[in-house]
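In: please find the sequence and the predicted model below.
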Amino acid sequence: MYEEARILFNPREVSDFVYANHVVAAIEAEDGQIFTGFCMEGTCGVFHLCAERVALFNMYQFSGQTKVKKILAFRDKPPYGEGSGMPCGACREFLLELNAENKEAEFMMDYETRKTIKVAELIPYWWGEERATNWQDK
């Protein structure tokens, strides 16, 4: 996963207003396929797409899948330590909204030691749990 995401790492200014490729991510879907994405940030604030969400969009667009097994995100080097490579709140939320079972997906915290953390640990009291359970029962 790291090697596939690393190919996308190429920080650059796309324009006077947009910066891209400075954060990259790889996602392993339920069927084992790997999907990647990179971050794009715009100065207006509304236009900001995290690498994790781009990889999730790619997963859904190209395979129709919504369930994730593993996620790895980083800047200039593989995730290291507790804070490196952790997803923002919007990415955590989107993972759960895409599929509530993604609470079991693992984020790589430390590439060297292979330490991971489950999404459920990152967002333990998700507001949508009851709605998601009811939706899945329909």
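Out: The structure has been received and is ready for your questions. The model shown is predicted, which means the values in this text are computed figures rather than measured ones. Residues are numbered from 1 along each chain as shown.
In: longest single helix anywhere in the protein?
Out: helix 51-63 (DSSP state H).
In: now do the contacts for the one residue sitting closest to the centre of the chain.
Out: When CA atoms, centre = their mean is applied to the chain, the residue found nearest the centroid is residue 52 (2.6 Å). Residues in contact with residue 52 (CB atoms under 8 Å, 6 or more residues apart in numbering) are 25, 27, 37, 71, 73, 87, 91, 94-95. (Glycine included, C-beta is placed from N, CA and C.)
In: the closest residue to residue 17 other than its chain neighbours - how many residues pack around it?
Out: Ranked by CB to CB, 6 or more residues apart in numbering and with sequence neighbours excluded, the top spatial neighbour of residue 17 is residue 43, at 4.7 Å. Neighbour count for residue 43, taken as other CB atoms under 10 Å: 12.
In: distance of residue 43 relative to residue 28?
Out: Between residue 43 and residue 28 the computed distance is 33 Å (CB to CB, to the nearest Å).
In: now swap in residue 68 and tell me
Out: Residue 68 is 7 Å from residue 28, by CB to CB.
In: same thing with residue 11?
Out: 25 Å.
In: tell me which of these two has more neighbours.
Out: When residue 11 and residue 28 are compared for neighbours, residue 28 comes out ahead with 19 against 14, by other CB under 10 Å.
In: give me the secondary structure label for the more buried one.
Out: Here residue 28 is recorded as strand under DSSP: H, G, I helix; E, B strand; the rest coil.
In: so who does it touch?
Out: 1, 34, 68-71.
In: among the residues you listed, the buried ones, what's the ChimeraX command?
Out: To isolate the buried members of these in ChimeraX, using 16 or more other CB atoms under 10 Å:
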select :1,34,68,70,71
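In: now do the same for the residue nearest to residue 17: its pLDDT.
Out: Residue 43 is assigned a pLDDT of 87 by the prediction.
In: what does the one 3 residues further on give?
Out: Each residue has a pLDDT score; the one for residue 46 is 75.
In: ok, now the one 10 residues further on?
Out: The predicted structure scores residue 56 at 98 on the pLDDT scale.
In: neighbours of it, just the number please.
Out: Neighbour count for residue 56, taken as other CB under 10 Å: 26.
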